[in-house]
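In: one predicted model, sequence on top.
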2 protein chains.
Amino acid sequence: MTAQPPRRTGRKARQSQAPAPRADYRQLRNPFTPQKAVSDDECQAIHDTALRVLEELGIKVLLPEARTLFAKAGCRVVDDMVYVGRDVVAAAVTTAPKSIRLRAINPAHDQVYELGSLIFTPAGGCPNMFNRRDGRGPGSLAGYQDAAKLTQFYPAMHKMAPSPEPQDVPVHLRHYAMNLTQMTLGDKLAFVYARGQGQVEQTFEMLRLGYGLSDAEFENGSWASTVINTNSPRMLDRPMAQGIIDFARHGQMTIITPFCLAGAMAPITVAGALTLQHAECLAGITLAQITRAGAPVSYGGFASNVDMKSGAPAFGTPEHMKLQLGSGQLARLIGLPWRSAAGSASNAADAQGATENTCGLMGALMAGATMCVHSAGWLEGGLTYGYEKFVTDMEAVQTVAEMCLPTKADAAEIGFDALTEVQPGGHFFAAAHTMERFDRAFYPPLNADLSNHGSWKAAGGQTAEERATQVWQDALAAYTPLAHAGEVAERLAPYIEAKTKAGGAPPMD
Amino acid sequence: MTAQPPRRTGRKARQSQAPAPRADYRQLRNPFTPQKAVSDDECQAIHDTALRVLEELGIKVLLPEARTLFAKAGCRVVDDMVYVGRDVVAAAVTTAPKSIRLRAINPAHDQVYELGSLIFTPAGGCPNMFNRRDGRGPGSLAGYQDAAKLTQFYPAMHKMAPSPEPQDVPVHLRHYAMNLTQMTLGDKLAFVYARGQGQVEQTFEMLRLGYGLSDAEFENGSWASTVINTNSPRMLDRPMAQGIIDFARHGQMTIITPFCLAGAMAPITVAGALTLQHAECLAGITLAQITRAGAPVSYGGFASNVDMKSGAPAFGTPEHMKLQLGSGQLARLIGLPWRSAAGSASNAADAQGATENTCGLMGALMAGATMCVHSAGWLEGGLTYGYEKFVTDMEAVQTVAEMCLPTKADAAEIGFDALTEVQPGGHFFAAAHTMERFDRAFYPPLNADLSNHGSWKAAGGQTAEERATQVWQDALAAYTPLAHAGEVAERLAPYIEAKTKAGGAPPMD
């Protein structure tokens, strides 16, 4: 199938009524030195221990096909346990790409996925949704479509995401709805769930068909990516293993992400949780590489701690941040790009939620993460997508994005003439240096209210969360349909109709 | 006057009913690599331009005594303008101490003020106060006393602060009340306002008398410090200049802090605001050193931007953070310790307030600031001290403090045995490795609510700000009087009574 592709949409596709950000946030590079949680020797010891875990303790792999691949690569397989030798891991790390081209239908949203890049994705995996207008409830397709529009709307969000989960669409048909939404309401990187071969292959077909890509074009760079969550500790379930294999075979990116909550599914220490995460990451990376050497695969870490009294997961904690720093060290040790995550345990878009998510974002920045997932909108430890939370978090995301942009400091910026022009005790409001720059000098706040207390109170004394209700509604109102949407929807309609009639594709157990 | 000193209080002085933090936050070292906003060459160009500003444009100095000192040091003085040559600046930078011993009545709260330390101080300079129980109003002595108790209560706050301003005490007597409060309700570093020689010398006398220090003991390290705000651009007013001189003569620390709001009192660019800040800092440091070579003096930066539409100051913005990074570069260029600041423009302890302050704290961390001022409780750009804001900000301060503590990563922490003990798909809740550590493994949240949505809702669905009302009241209830308080108060009572009868000391114009 190589129909004429729809025009890849350019910059002009997004024409909102809302004020444009002053800068281009589409391709960010992290200019800061990655920071460390442990010494280089300790990092090496964690790596070595992870290799020992894989060799001596092994990993339980529930998918027979994956076990067969491991065995063929020389691993010892006993029942469903796979013991991965360090030579096999070393070979996999060698063939895993250091730089991955992530493709979007709008080439302006392509990303180079490598150490040094900084890519933000919004909240993922949330079954519920909340906003102050409609309240809290199960995710719906309408809610998912709105979330997709918000992701599309903000240039500092680089990738479409799978939240809130459209629970009003049956599971065997949901992948059609979710991918159609991403492909028509957005023109950024696509996210595809690895919920079994049936859904994955149909989704890939939707991408090829909708975007008019040949098989070769589809595999030239990664048009889809997925997150592979291992079942910590030391288990890879059937759909996740299948996902690694299917994505690798089609040249699409898997992001191996153990969800290592220290004290629960992982050891209670930072070093121990990192060790388990690293072992599981290496196993997943290995499976991708023994499936197809050179397949795009990412190291991933989403480790935090739990509250040891209740078992509740915590985010944005010092342990979360230290685990981010340690994850970055381990990823750099093996030379691979990696994903981190922000997020929040808070039940509201309040000071707790903002502190947690901002700490997670800053941790990702300091740790040199290639991608930061769940960077806006994650409430309740991921159980709920919050529209107001998306807005309040976007303020922090945009702050980080701005931090990454170069600071000009040439003679004109230093402005000796301006300093000469303004007398002691005067002000710079009317200086020529100011007038030349005033309209684009500073980051324009998205939701922050800088008015004084009297004005703020007179205007209703709204909190940031309350103000955000208008902001996301304004963004939805300003969202304009994308040029490619109609054609893509037309191409996909008969395919989806036929597949729906044929029974869809249930998720894999 | 060398009376017998009261026993310096030790660790046991603080006996609260509230859960203790799991770690010692009293002396923090910043383990991270300071980050840069501009290149080294650009930093040098900013430094050189600042020297040119001082030489060619000069600084307006309103205090004749200060002008006389500058003239004696070889500076050209024309009317109230002082032109400071780069040789005079260079000499001052050479004699300024690189490490300053800050003294507290409790030696456990002494600090070494140098590059690499990280010292937090709460909100300063707020004329008003707010909490959800009592509402918003002018600062009062009772409110100031409560704020002092909160500062004392939390180990990650290292210094007493001057907020909220006790406006119910007349200005000519206020310094007695503020310093008595700090000296009896706290045993941490003291802050003294530089509001003229009369108040400053009386306050120093209170410190010597109350703590039983001889003149020599008082000058062995710095028992008091003050913030010197230049009147940007390029002006040093009378009380600030007098403060530099008086503190230097008595060996007490001044923190030279231009308040450079880019676009208003400073050039609109990061590089320009840094240049002006740097010039004013160097002038202040020079005045301290030509008053008394070796006098403790700190470089300081509190630069952010304004909203160019309204002129309102903004905090926690990307520009604020870049200015923090640049300030750190300039301080390191001249080899001196320096202060930065967090803070918030928000009118509420909400997501905006938390994002702004957390960004400011992270900026200070990334910039390698020696001290971060206004790190908890600053609402409305400093116009109001917020008790709930203090609590929500303390969560972020403690997160940063924990981040600075070493992460153990030896073999026991890596825990290969724990990884062996727990089977694939199991959990670590009951592992021996966990049981040995569970009660002190993680940072215990101060105000974060980690309960699930149902439990949270059932318990009232409170926001972080709402919960914080109980937290600060609990902290006040748990605050226990300090062992030294009674004796210090007794020593000071007759002094204050006599000075009050004699008319107090009005602030300098």
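Out: On my side now, so go ahead. Residues are numbered from 1 along each chain as shown, chains lettered A, B, ... in the order given.
In: mind jotting down where the helices sit in the stretch 151-300 of chain A?
Out: Per DSSP state H, counting those that start in this stretch, the stretch 151-300 of chain A carries helices over the ranges A:174-185, A:197-211, A:215-218, A:238-249, A:270-291.
In: buried residues of the third one, list them for me.
Out: Of the residues in helix A:215-218, those with enough neighbours to count as buried (16 or more other C-beta atoms under 10 Å in any protein chain shown) are residue A:218. Yep, even glycine has a C-beta here, placed from its N, CA and C like the rest.
In: relative to residue A:33, which of the helices of the stretch 151-300 of chain A is closest?
Out: Residue A:33 sits nearest to helix A:270-291 of all the helices of the stretch 151-300 of chain A, at 20.0 Å, using C-beta to C-beta.
In: mean confidence for that closest one?
Out: Here helix A:270-291 scores 98 as its mean pLDDT.
In: quickly check: it near chain B or not.
Out: Yes - judged by C-beta under 8 Å from any C-beta of the partner chain, helix A:270-291 and chain B are in contact via A:270, A:271, A:272, A:275, A:276, A:279.
In: who's in contact with the fifth one?
Out: By that I understand residue A:276. Residue A:276 makes contact with A:50, A:53, A:232, A:233, A:234, A:258, A:260, A:266, A:267, B:419 under the criterion C-beta atoms under 8 Å, 6 or more residues apart in numbering or on different chains.
In: okay if I get these as a markdown table plus pLDDT and distance to residue B:35?
Out: Converted to a markdown table, these look like this (pLDDT from 0 to 100; distance: C-beta to C-beta, whole Å):
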| residue | pLDDT | distance to residue B:35 |
| --- | --- | --- |
| A:50 | 98 | 29 |
| A:53 | 98 | 34 |
| A:232 | 96 | 33 |
| A:233 | 98 | 35 |
| A:234 | 98 | 37 |
| A:258 | 96 | 29 |
| A:260 | 93 | 28 |
| A:266 | 97 | 30 |
| A:267 | 97 | 31 |
| B:419 | 97 | 35 |
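In: of these, closest to residue A:333?
Out: Nearest to residue A:333 among the contacts of residue A:276, counting by C-beta to C-beta, is residue A:50 at 10.4 Å.
In: residue A:272 is in contact with that closest one, correct?
Out: No - using C-beta atoms under 8 Å, residue A:50 makes no contact with residue A:272, being 10.7 Å away.
In: neighbour count winner among those two?
Out: Neighbour tally, residue A:50 and residue A:272, criterion other C-beta atoms under 10 Å in any protein chain shown: the higher count belongs to residue A:272, 30 against 26.
In: isn't the more buried one right next to residue B:433, touching?
Out: Yes - using C-beta under 8 Å, residue A:272 makes contact with residue B:433 at a distance of 6.8 Å.
In: per-residue confidence at the spatially closest residue to residue A:425 that is not a sequence neighbour?
Out: Computed as C-beta to C-beta, 6 or more residues apart in numbering or on different chains, the closest residue to residue A:425 that is not its neighbour in sequence is residue B:235, at 4.6 Å. What the model reports for residue B:235 is a pLDDT of 98.
In: now swap in the one 3 residues further on and tell me
Out: Among the per-residue scores, residue B:238 shows a pLDDT of 97.
In: now for it: which residues touch it?
Out: B:62, B:63, B:508, B:509.
In: that one and chain A: what is the separation?
Out: Separation of residue B:238 from chain A (C-beta to the nearest C-beta, to the nearest Å): 13 Å.
In: which ones are touching residue A:31?
Out: Residues in contact with residue A:31 (C-beta under 8 Å, 6+ apart) are A:404, A:406, B:36.
In: do that again at 7 Å, thanks
Out: For residue A:31, the contacting residues are residue A:404, by C-beta atoms under 7 Å, 6 or more residues apart in numbering or on different chains.
In: and for residue A:407?
Out: So, once contact is read as C-beta under 7 Å, 6+ apart, residue A:407 ends up touching B:37, B:38, B:270, B:322.
In: again, only using 10 Å
Out: Listed by C-beta atoms under 10 Å, 6 or more residues apart in numbering or on different chains, the contact set of residue A:407 reads A:31, A:413, B:36-39, B:42, B:269-271, B:274, B:318-319, B:322-323, B:325-326.
In: break down the stretch 251-400 of chain A into its strands, ranges please.
Out: Ranges of strands in the stretch 251-400 of chain A, per DSSP state E, counting those that start in this stretch, are A:253-256, A:261-262, A:297-300, A:304-306, A:313-314, A:338-341, A:371-373, A:378-379, A:384-386.
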